[in-house]
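**Q** no sequence for this one, just the structure:
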């Protein structure tokens, strides 16, 4: 299954957010989000893909963390065959294996409960989750606009 060009472009932009979100939960969520977008290209027809929201992907991520393993739906989406090259396939499998290990070993269970905010030394807070979701939402909106045909 080839990933659509729109999905590839979206993934590149979302992966770039890792530079400003170095915490382990955000890093894992970014990878999970990108794997879901690829898996949706594989598993869902376009009409259904269009109905999946960022909130849905966040819920799937939290469910996988809570369960300590990918859900059945996520496992089905991870059965995709990425791109025409072995290198792309191996990179995809490596990300999925890393996520699987994070879920199974419970590495995210303790830290996800503090994902909503980070206390700064100056007494302020960073709203880590809200900021990341806002940034991904902006990328998604820009991606949707670029897909629409011009006037």
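**A** Received the coordinates, thanks. Note that the coordinates shown come from a computational prediction; the quantities given were computed from them, not determined experimentally.
**Q** Please state the offset of whichever strand or helix holds residue 138 from the chain centre?
**A** Element membership of residue 138 [criterion: DSSP states H and E] is helix 128-147. On the basis of Cα atoms, centre = their mean, to the nearest Å, helix 128-147 sits 12 Å off its chain's mean C-alpha point.
**Q** try stretch 90-107
**A** Distance, stretch centre to chain centre, for stretch 90-107: 13 Å (Cα atoms, centre = their mean).
**Q** who does the helix or strand of the chain with the lowest mean pLDDT touch, helix- and strand-wise?
**A** Least confident element among the helices and strands of the chain, by mean pLDDT, DSSP states H and E: strand 118-119 (a mean of 87). Packing contacts for strand 118-119, counted by 3 or more Cβ pairs under 8 Å, 6 or more residues apart in numbering; DSSP states H and E, involve strand 125-126. Quick note: C-beta positions are derived from backbone N, CA and C, even for glycine.
**Q** neighbouring strands for the strand it packs on, and are they parallel or not?
**A** Strand pairing for strand 125-126, determined by DSSP bridges: strand 118-119 (antiparallel).
**Q** before we move on, back to that, residues in contact with the least confident helix or strand of the chain: which ones?
**A** 23, 125-126, 128 (Cβ atoms under 8 Å, 6 or more residues apart in numbering).
**Q** now for the residues you listed, which pair is the farthest apart?
**A** 23 and 125 (13.6 Å; Cβ to Cβ).
**Q** more crowded one of these two?
**A** Set residue 23 next to residue 125 and count neighbours by other Cβ atoms under 10 Å: residue 23 wins out with 16 against 11.
**Q** Which parts of the chain are helices?
**A** Assigned by DSSP state H, the helices in the chain fall at 5-15, 24-43, 46-49, 54-67, 72-77, 86-105, 109-112, 128-147.
**Q** need those helices in a markdown table with distance to residue 119 and mean neighbour count, can you?
**A** A markdown table is the format used below for those (distance: least, Cβ to Cβ, whole Å; neighbours: other Cβ atoms under 10 Å):
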| stretch | distance to residue 119 | mean neighbour count |
| --- | --- | --- |
| helix 5-15 | 26 | 16 |
| helix 24-43 | 15 | 21 |
| helix 46-49 | 38 | 10 |
| helix 54-67 | 22 | 16 |
| helix 72-77 | 32 | 16 |
| helix 86-105 | 24 | 15 |
| helix 109-112 | 14 | 13 |
| helix 128-147 | 11 | 15 |
